[in-house]
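Chemist: please work out how this folds:
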Amino acid sequence: MSKGLDKRIQLFNKFSNQLLLLRKHWIINRDLKHERPYLCPICLDEFSDKDLNKSTNKNLLTLEEAPPESLGGSKLALTCKKCNSECGHNIDNHLTEIIRAIDRCYFYKGSKHYGNIDHNGKRISVELTSLGDGIFQAHHRIKQNNPTLLENFIYWIKDKNIGSALNFTQHQPKFESKKVHFALLKVLYLITFAKFGYIFLLDSNYDEIRKQLLNPDKEIFLWKPFINDSSLSKQQGTYYVGTKVSNQYSTFFL
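Modeler: Model (predicted):
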């Protein structure tokens with residue numbers, strides 16, 4: 001059994017057992033058609049343990065990371081392949097893009113930077129790798145440059161006095177601010193699901209959040225995530241806003 005399948009089975013059993021327990025004690029009132037049910041936390045479609053197998057269902061249950069895997073997230077829930085793919089394409093990539101853009105501003109050692117160098121009124125496409133201590137290694141791809149212009153530039157660098165500093169312009173990140181907020185909302189939503197399961201997420205108060213994640217081109221849910229650096233290196237969680245007291249809201253961290 002592969003490590004990925006083993007993790008999916010583990011998560012399926014965890015949440016499916018909780019769902020059945022809640023239904024048995026009438027804490028939730030929902031008709032379930034499968035003996036071993038699992039509800040995708042984003043679309044709430046019902047799946048069974050058979051949907052863990054790729055050969056039986058094209059829209060199988062997939063591992064979901066929060067935050068996205070490209071940002072070092074943890075595999076903490078299952079979502080259906082359709083929701084995983086659509087959210088990844090429509091909102092997750094915006095969060096990844098802005099985080100990487102922020103990191104690039106600090107030129108961390110080993111980080112890569114893509115952009116252009118101005119040379120005699122022309123632009124040379126370049127990939128810079130930071131070696132630390134203000135030293136960079138440049139890599140010019142022939143396919144991304146005019147070969148003659150690139151050859152002249154390399155000759156100028158090797159055999160001529162460089163003179164003034166080269167002007168490097170990084171490529172501008174492509175993201176939409178509102179979709180960054182929606183991606184953060186998804187992260188908090190999935191962490192909440194991972195911690196509490198269906199007892200919270202089947203409440204109708206979460207309907208607007210689910211609609212927003214599935215319709216990122218519309219502003220359905222006007223609340224924006226409250227993000228703060230809690231300086232807790234070994235804990236993950238979300239801030240929950242409670243009752244309004246005077247002009248402030250009481251908050252607690254889980």
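Chemist: distance of Leu44 from Gly132?
Modeler: With the distance defined as CB to CB, to the nearest Å, Leu44 ends up 49 Å from Gly132. For every residue, glycine as well, the C-beta is placed using N, CA and C.
Chemist: between those two, tell me which one has more neighbours.
Modeler: The neighbour count for Leu44 versus Gly132, taken as other CB atoms under 10 Å, is higher for Leu44 (16 against 11).
Chemist: report pLDDT for that one.
Modeler: pLDDT, the model's per-residue confidence, is 96 for Leu44.
Chemist: which stretches of the protein form helices?
Modeler: Here the chain has its helices, by DSSP state H, at 3-24, 81-87, 93-105, 147-159, 177-196, 198-201, 207-214.
Chemist: could you dump these to JSON lines with mean neighbour count, distance to Tyr114 and mean pLDDT?
Modeler: Below are those laid out as JSON lines (neighbours: other CB atoms under 10 Å; distance: least, CB to CB, whole Å; pLDDT from 0 to 100):
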{"stretch": "helix 3-24", "mean neighbour count": "15", "distance to Tyr114": "31", "mean pLDDT": "94"}
{"stretch": "helix 81-87", "mean neighbour count": "18", "distance to Tyr114": "26", "mean pLDDT": "95"}
{"stretch": "helix 93-105", "mean neighbour count": "17", "distance to Tyr114": "9", "mean pLDDT": "86"}
{"stretch": "helix 147-159", "mean neighbour count": "12", "distance to Tyr114": "16", "mean pLDDT": "83"}
{"stretch": "helix 177-196", "mean neighbour count": "20", "distance to Tyr114": "20", "mean pLDDT": "91"}
{"stretch": "helix 198-201", "mean neighbour count": "17", "distance to Tyr114": "39", "mean pLDDT": "88"}
{"stretch": "helix 207-214", "mean neighbour count": "18", "distance to Tyr114": "30", "mean pLDDT": "93"}
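Chemist: redo those as a markdown table? Include distance to Pro68.
Modeler: What follows is these, written out as a markdown table (distance: least, CB to CB, whole Å):
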| stretch | distance to Pro68 |
| --- | --- |
| helix 3-24 | 16 |
| helix 81-87 | 9 |
| helix 93-105 | 6 |
| helix 147-159 | 35 |
| helix 177-196 | 8 |
| helix 198-201 | 20 |
| helix 207-214 | 14 |
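Chemist: so which residue is dead centre in the chain?
Modeler: Centroid-nearest residue in the chain: Pro68, 3.2 Å away (criterion: CA atoms, centre = their mean).
Chemist: that residue and Cys80: what is the separation?
Modeler: From Pro68 over to Cys80 the distance is 17 Å, taken as CB to CB.
Chemist: same thing with Phe107?
Modeler: Distance, Phe107 to Cys80, using CB to CB: 40 Å.
Chemist: Val187 too?
Modeler: To Cys80, Val187 is 18 Å away according to CB to CB.
Chemist: and if you look at Gln18?
Modeler: Distance, Gln18 to Cys80, using CB to CB: 18 Å.
Chemist: with Ile42 instead?
Modeler: On the measure of CB to CB, Ile42 and Cys80 end up 8 Å apart.
Chemist: what of Ile191?
Modeler: According to CB to CB, Ile191 and Cys80 sit 19 Å apart.
Chemist: swap in Leu149?
Modeler: 49 Å.
Chemist: next: Gln172.
Modeler: From Gln172 over to Cys80 (counting by CB to CB), the distance is 34 Å.
Chemist: again, but for Ile154
Modeler: 51 Å.
Chemist: same deal with Lys112?
Modeler: 34 Å.
Chemist: correct me if wrong: Gly197 contacts Gln18.
Modeler: Yes: under the criterion of CB atoms under 8 Å, Gly197 makes contact with Gln18 at 4.6 Å.
Chemist: please name the nearest non-neighbouring residue to Ser111.
Modeler: Ser130 (5.0 Å; CB to CB, 6 or more residues apart in numbering).
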